[in-house]
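Engineer: I would like the atomic coordinates for the input below:
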Amino acid sequence: MLSLLGTALIGLVVGFIARAIKPGNDKMGWIMTCVLGIAGSFAATYAGQALGWYQVGQSAGWIASVVGAIVLLLIYGLLRRKS
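Structural biologist: As a prediction, this is how the structure comes out:
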């Protein structure tokens, strides 16, 4: 439970960091930025556990979380552009 809360809190900050790093003009609010940051943090955590980088119950670090959030921001931008 504590691991999930930690991942979510890291994700809040990571969303804003990823949005600042990713080039381009994203027209999304701060809530969607937080949601994508949290999702990126969870994605990095579970991908790292699947690849054996992290143990079960261990959350991803800052760099992996930012990379996960940037990937999700890119995917979100591509999906939003097509519709």
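Engineer: which of the residues in stretch 37-57 are buried?
Structural biologist: Neighbour counts over stretch 37-57 (16 or more other Cβ atoms under 10 Å) mark 37-45, 47-49, 54 as buried. Just so you know, the C-beta spots here come from the backbone N, C-alpha and C atoms, and that holds for glycine as well.
Engineer: measure the residue nearest to Val71 when sequence neighbours are not counted to Arg81 for me?
Structural biologist: Distance criterion Cβ to Cβ, 6 or more residues apart in numbering; nearest residue to Val71, sequence neighbours excluded, is Gly40 at 6.8 Å. According to Cβ to Cβ, to the nearest Å, Gly40 and Arg81 sit 19 Å apart.
Engineer: if we can go back for a sec, shouldn't the residue nearest to Val71 be in contact with Ile17?
Structural biologist: No: if you go by Cβ atoms under 8 Å, Gly40 and Ile17 don't touch, sitting 10.1 Å apart.
Engineer: Between the two, which contacts overlap?
Structural biologist: Val66, Ala69 (Cβ atoms under 8 Å, 6 or more residues apart in numbering).
Engineer: For the chain, give me the ranges with low pLDDT.
Structural biologist: The model of the chain has pLDDT under 70 over residues 1-3, 24, 26, 83.
Engineer: the helices in this structure, which residues?
Structural biologist: With helices called from DSSP state H, the chain shows them at 2-21, 30-50, 62-82.
Engineer: Now do the last one against helix 30-50, angle only.
Structural biologist: Meaning helix 62-82. 120 degrees (axes from the mean of the first three to the mean of the last three Cα atoms, to 10 degrees).
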